[in-house]
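Chemist: Sequence first, then the predicted structure, then my questions.
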Amino acid sequence: MTSTEMTAEVLRAHAEEAFAGELAALAAQDERPRPARWRLSPWAVATYLLGGELPDGTVITPKYVGPRRIVEVAITTLATDRALLLLGVPGTAKTWVSEHLAAAISGDSTLLVQGTAGTAEEAVRYGWNYAQLLANGPSREALVPSPVLRAMADGKIARVEELTRIPADVQDSLITVLSEKTLPIPELNGETQAVRGFNLIATANDRDRGVNELSSALRRRFNTVVLPLPATLDEEVEIVTRRVGQLGRALELPELPGGAQEIRRVVTVFRELRDGVTTDGRTKVKTPTGTLSTAEAISVVTAGLALAAHFGDGVLRAGEVAAGVLGAVVRDPVADQVVWREYVEGVLRERDGWQDFYRAARELSE
Ligand SMILES: Nc1ncnc2c1ncn2[C@@H]1O[C@H](COP(=O)(O)OP(=O)(O)O)[C@@H](O)[C@H]1O
Ligand SMILES: [Mg+2]
């Protein structure tokens, strides 16, 4: 099997593989100065994220839909000596943006530490290959570098997901890395110094605040960029449409008529319940406990498409997305059920052109 065939077989290619063509075109036509070891100039990284057209006509697809300034500040931060903290509610593309930034800047989005309550120091610093350690004592060969250590040595971007879920003492091992740009290795009487090009992107969830509040010492090493929820219905519809298209192609689902209408309806329901008011501003609605993020809207529509493709009549219909919407809205079986019923009866029942959606929603609640 050739490596391109292998790439076609993996379930989810890394950004630098999935968008290798775009990245190569950008690199070839990018004449602006690049920071040390960056594959692209900051300007070209922004174009990669936000989309655009190159002088030779190559189209760069937008990865992130949102304010340009946010993306510019994020990229600029990575060219300074401060690290980048992407903050936001779940589903605001923090992980997504972090992956694409690392892919565009270092050509490698895989130097990743997944933060959990169980993340140990070895995941952030280094561990040991015990067979080697016992046989030959501590040596560079016996050392197992963490993704952060490898990024430091190679001058690349490291990624730490869900930083605030990591226990405070483990978080603190990042302070030296980020302030001194070195990682001491006392067992070897040595250290690894970061080379130019190294930096770190961390993501953290707004809702996790208080779980493991970042220490102020660590916080000072970061420039914080908050990723907002999509500002308008149209923007959110665009994001969902784009991602559903990509995911559908990856799953080899056909494009179905009805898709555009159902996407708009799912996003409308999510936004109204999230905002606590209908889009026309006339009716207040109660807010359910779940987040109802853009990411969830994407899953609901993709699942609906799969249902329609395998068991439907070739058109995406309300019945195929309603169950997903209900599942996303009703997290607490008691409280959310009440919120949902009120919304269905109070808002959807009377809405022009939504009779099929209303019926599908009602059938589910019975
Ligand atoms: N503003 C946006 N632009 C592009 N994609 C978005 C946007 N908001 C959400 N998404 C999509 O939502 C999905 C989930 O985002 P993710 O990065 O996992 O969220 P987070 O890490 O913030 O919880 C991704 O597939 C991403 O494409
Ligand atoms: Mg995430």
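Modeler: Sure thing, it's come through. Residues are numbered from 1 along each chain as shown. Ligands and ions are numbered 1, 2, ... in the order given.

Chemist: contacting residues around the residue of the stretch 151-300 of the chain found nearest ligand 1?
Modeler: Closest residue of the stretch 151-300 of the chain to ligand 1, Cβ to the nearest ligand atom: residue 295 (3.4 Å). Yep, even glycine has a C-beta here, placed from its N, CA and C like the rest. Residue 295 is in contact with 90, 91, 93, counting by Cβ atoms under 8 Å, 6 or more residues apart in numbering.

Chemist: of those, buried ones?
Modeler: 90, 91, 93 (16 or more other Cβ atoms under 10 Å).

Chemist: quick one on the thing from earlier: tell me if I am right that the residue of the stretch 151-300 of the chain closest to ligand 1 is in a helix.
Modeler: Yes. Assessed by DSSP: H, G, I helix; E, B strand; the rest coil, residue 295 belongs to a helix.

Chemist: any idea which of the contacts of residue 295 is closest to ligand 2?
Modeler: residue 90 (7.0 Å; Cβ to the ion).

Chemist: The closest one and residue 203 touch, don't they?
Modeler: No. Applying Cβ atoms under 8 Å as the test, residue 90 and residue 203 come out as separate, 10.4 Å apart.

Chemist: now the residue of the stretch 201-350 of the chain found nearest ligand 2, which residues is it bridged with?
Modeler: Across the stretch 201-350 of the chain, the shortest distance to ligand 2 (Cβ to the ion) belongs to residue 203, at 5.4 Å. On the basis of DSSP bridges, residue 203 is bridged to residue 86.

Chemist: shift numbering so it begins at 44
Modeler: With the count now opening at 44, the last piece we talked about shows up as residue 246.

Chemist: residues contacting the closest residue to residue 124 other than its chain neighbours?
Modeler: Excluding its sequence neighbours, the residue lying closest to residue 124 (Cβ to Cβ, 6 or more residues apart in numbering) is residue 224, at 7.7 Å. If you count contacts by Cβ under 8 Å, 6+ apart, residue 224 has them with 124, 195, 236, 237, 241.

Chemist: Repeat that for residue 396.
Modeler: Counting by Cβ under 8 Å, 6+ apart, residue 396 makes contact with nothing.

Chemist: so it, which of the three states?
Modeler: Following three-state DSSP, residue 396 is assigned to coil.

Chemist: Just the pLDDT for it.
Modeler: We have a pLDDT of 93 for residue 396.

Chemist: which non-adjacent residue is nearest residue 373?
Modeler: Going by Cβ to Cβ, 6+ apart, residue 373 has residue 379 as its nearest residue, at 4.2 Å.

Chemist: Quick one: mean pLDDT for the helix or strand where that neighbour lies?
Modeler: Taking DSSP states H and E as the definition, residue 379 sits inside helix 378-386. Across helix 378-386, the average pLDDT comes to 94.

Chemist: How far does the helix or strand following that helix sit from its chain's centre?
Modeler: Using DSSP H and E, the helix or strand that follows helix 378-386 towards the C-terminus is helix 398-408. Using Cα atoms, centre = their mean, to the nearest Å, the mean C-alpha position of helix 398-408 is found 32 Å from that of the whole chain.

Chemist: Measure how helix 398-408 sits relative to helix 378-386, angle-wise.
Modeler: Relative orientation of helix 398-408 versus helix 378-386 (axes from the mean of the first three to the mean of the last three Cα atoms, to 10 degrees): 150 degrees.

Chemist: who are the neighbours of helix 398-408, in terms of helices and strands?
Modeler: helix 361-372, helix 378-386 (3 or more Cβ pairs under 8 Å, 6 or more residues apart in numbering; DSSP states H and E).

Chemist: Using CSV, list the CA coordinates for that helix.
Modeler: Only the C-alpha atoms of helix 398-408 are listed here, as CSV (Å, rounded to 0.1, in the frame of the first residue of the first chain):
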residue,chain,number,x,y,z
GLN,A,398,-45.7,21.4,10.2
ASP,A,399,-43.7,18.4,9.3
PHE,A,400,-41.0,19.2,11.8
TYR,A,401,-43.7,19.9,14.5
ARG,A,402,-45.3,16.5,13.8
ALA,A,403,-42.0,14.7,13.9
ALA,A,404,-41.2,16.4,17.2
ARG,A,405,-44.6,15.5,18.7
GLU,A,406,-44.4,11.9,17.6
LEU,A,407,-41.1,11.6,19.5
SER,A,408,-42.4,13.0,22.7
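
Chemist: Ligand 1 contacts on the stretch 144-293 of the chain?
Modeler: Neighbours of ligand 1 within the stretch 144-293 of the chain, by Cβ under 6 Å from any ligand atom: 246, 273, 282, 286.
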